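[1] Sequence first, then the predicted structure, then my questions.
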Amino acid sequence: MSSDGGVQRWPSIADFAVPAIAAAFQLGLTYLIALEEPLDKWQWMVFDIAVACSCVALIWRRAAPVQVLAAVLLIGGIGQLLLDTDDTVVDGVTDAIALYSLAVHRGPRAAMIGGVAACAVVSLLSVPYSTGGTGLWSDVLANVILYVTITALGQIRRQRKARRLELTARLAEAEQERRAAAEAERERLARDLHDVAGHHLSAVVVHSGAAARIDDPELTTGALTVAAETGRDVLTSLSRLVDVVGPRAGDGELKSLLPPLCHGLTRLGIPVSLTVEGRPRKLSPEVTTAAYRIVQESLTNAMRYASGAPVRVEARYTSTALEVTVSNDPPGDDGAVPVLGTNRGIAGMRERAEGLGGTLDAGPTPAGGWAVAAVLPTNPAGQRQGLDWPEVLDAAAIAFCVATPAVMAFALKEESIVEGWSTGAMMLLTVALFGRALPLWWRRRKPYGTLIALAVVDSIWAVAGARLSEPLLGVLAVGFPAELIAVYSVACYARKGRPTWPAVLVAPIPWAMAIGVALALDPEPNEPGAAVFALVFGLVAGGMFSALAFLPFWAWGKAVAARSRNWEINALETMAARTGEAVLAERHRIAMGLRGTVFDHTSRLVRAAEAGLGGTASDARAALDVVTEQARAALVDMRELLDAMEEQT
């Protein structure tokens, strides 16, 4: 069997490519290292055999990732012990590839166990060659960061592959989903049509018929007044029933969808307040759509059954879910919220929430109002993992950008950048490094904000280092990867439609300033204007060379966005468009049927009632007969339309 549970297959040509590249890299790098520290024939033989065996094992890394990782660790460990030197790369390459494959093709538990095993083996093998003390701990820390990063990258790749397979299957079933969406919309319209029009028009028939049998002018006037008001309510409700629902709620941006929805009711005289709490997260289109529809349905119910009462909409982001609450005060007329029809709207909202693995509760509040509270998991149902691997990767990136310059600054005795600094100064430097790298936590949600924050901090650091302490410039140079990650994040995660190329121009600013200020402060040039020339030259040259270093990472981010994120967005938009077209087509068909029948009779009902109210007593009695007749005709047409809809189900 294959790693994904499919049929067994022989290794393909692609399975040989990575092992061949890994072998070439290990041999070439070791040859360069051996130019200074030559290996004897025995060591070369052991090295070649170990590299060959471990790379051959990588051929089956997809079919048997657990066994391949164990074999690679064993071969690398034995080879390292026999070589008795750390001047080779007999390990550290093939085990990283094997661990990545394990994380891609197995679940979180197996991936974490494999990561711990690989980190432990490599760290133990480095103990005999470590200088001890801070050197040993720096090696262990570097290994932990490396293998956590590899494990997180593999798990993210696994989740994306699963997501793509799911979307591919859903695209293949798009026609079935389109039909299901049309059928669901047809059923919803039928239920709402019966609730909205059937109940009200039946009441008009009963009330008007009773008034017509009793020759009482006062009762006739009351019946006409109720008929006119009810008819207008029916027309309004039917119009709302088939209206196209505002913006498409599938772009993952609740912050741009909810305000117009709430402000629309505010313009109608219903006070609606919107509150968003917590750290906003990028939501999947399914969660966004469900949240939007739940708020929309809740606001519609509040407008219908508690008109004029204040409404509060709250959205709160947690680490695992989006919590949505819509509550309204009791209506002003009788201080109580009427029963919400047949509760079909609540049932629909609950189905949306439960379909994502969430919950929804609706009911009266202690104050006499009504509240709807939904909890929507931020991961699709059935794909929830024990760890949020993107956040694990972000934490590893922060740790790397803090640990690397810190180790180079004062942990390595032989290469210390800030040798002679006090303990307090080193602690302050560590805090500063952590504060500098912390914006990377928001690199996916606010990529431009992350890059700008890093650029500002590094610019201040660069000027201060050039003027006050040259070792600080060395620390900043070692922390260069932080801005590489930020540029990549802008290219990969910036909002669709926003240009990303300015990132390549913003990131070099600190390095251009560092070089420019350092040259301007050089005490050797004494000619007039030499400092200004050196500053300008340093800014231009430093900016250009730094931009060349950032450009590949920007291109990498663009390529990843085009291959993965954009593909998923386009697939979801395609499904949403097909489903939306089916829903809109069904609404249009029902709307055309209503306008030619129920709308027409109800409009005549309203006009006849208004005319009767403005005429004589005999006009009122004649209008009452017309009202009853039109209400019955509207009911007949509505029932025929409902029957036709049921035949298509």
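    Ah, there it is.

[2] The strand or helix carrying residue 111: which residues count as buried?
    Assigned by DSSP states H and E, residue 111 belongs to helix 108-126. Residues of helix 108-126 classed as buried by neighbour count (16 or more other Cβ atoms under 10 Å): 108, 111-112, 114-115, 117-119, 121-123, 125-126. In this view, the C-beta of every residue, glycine as well, is placed from N, C-alpha and C.

[3] Which one of the residues you listed is nearest to residue 46?
    residue 125 (14.3 Å; Cβ to Cβ).

[4] can you count the residues close to the residue nearest to that closest one when sequence neighbours are not counted?
    Take residue 125 and drop its neighbours on the chain: the residue closest to it by Cβ to Cβ, 6 or more residues apart in numbering is residue 80, 4.8 Å away. For residue 80, the count of nearby residues is 25 (other Cβ atoms under 10 Å).

[5] so residue 80 sits in a helix?
    Yes - judged by DSSP: H, G, I helix; E, B strand; the rest coil, residue 80 forms part of a helix.

[6] next one: the strand or helix carrying residue 544 to chain centre, how far?
    Residue 544 belongs to helix 530-560 when assigned by DSSP H and E. When distances are taken as Cα atoms, centre = their mean, to the nearest Å, helix 530-560 is centred 32 Å away from the chain's centroid.

[7] if we can go back for a sec, list the helices and strands the helix holding residue 111 packs on?
    helix 65-83, helix 94-105, helix 134-172 (3 or more Cβ pairs under 8 Å, 6 or more residues apart in numbering; DSSP states H and E).

[8] Ranked by average pLDDT, which of those helices falls at the bottom?
    Here the lowest mean pLDDT among those goes to helix 134-172, at a mean of 78.

[9] For that one, list every residue counted as buried.
    So helix 134-172, judged by 16+ other Cβ under 10 Å, has buried residues 134-135, 138-160, 163, 167.

[10] just to revisit the earlier point, just name the closest of the buried residues of helix 108-126 to residue 260, please.
    Within these, distances to residue 260 taken as Cβ to Cβ reach their minimum at residue 108, with 39.4 Å.

[11] isn't the closest one right next to residue 155, touching?
    Yes - counting by Cβ atoms under 8 Å, residue 155 is a contact partner of residue 108 at 6.2 Å.

[12] wait, residue 330 sits on residue 367?
    Yes - with contact defined as Cβ under 8 Å, residue 330 reaches residue 367; the gap is 6.8 Å.

[13] Among these two, which residue is more densely surrounded?
    Between residue 330 and residue 367, residue 330 has the larger neighbour count (other Cβ under 10 Å), namely 17 against 12.

[14] Phi first, then psi, for the closest residue to the more buried one other than its chain neighbours.
    Residue nearest to residue 330 in three dimensions, not counting chain neighbours: residue 368, with 3.9 Å by Cβ to Cβ, 6+ apart. Torsion angles at residue 368 (phi, psi; degrees, to the nearest 10) stand at phi 100, psi 0.

[15] Just the pLDDT for residue 368.
    Residue 368 is given a pLDDT of 81.

[16] quick one: it from residue 306, how far?
    10 Å (Cβ to Cβ, to the nearest Å).

[17] who has more neighbours, those two?
    Set residue 368 next to residue 306 and count neighbours by other Cβ under 10 Å: residue 306 wins out with 24 against 15.

[18] so who does that one touch?
    For residue 306, the contacting residues are 328-331, 337, 369-370, by Cβ atoms under 8 Å, 6 or more residues apart in numbering.
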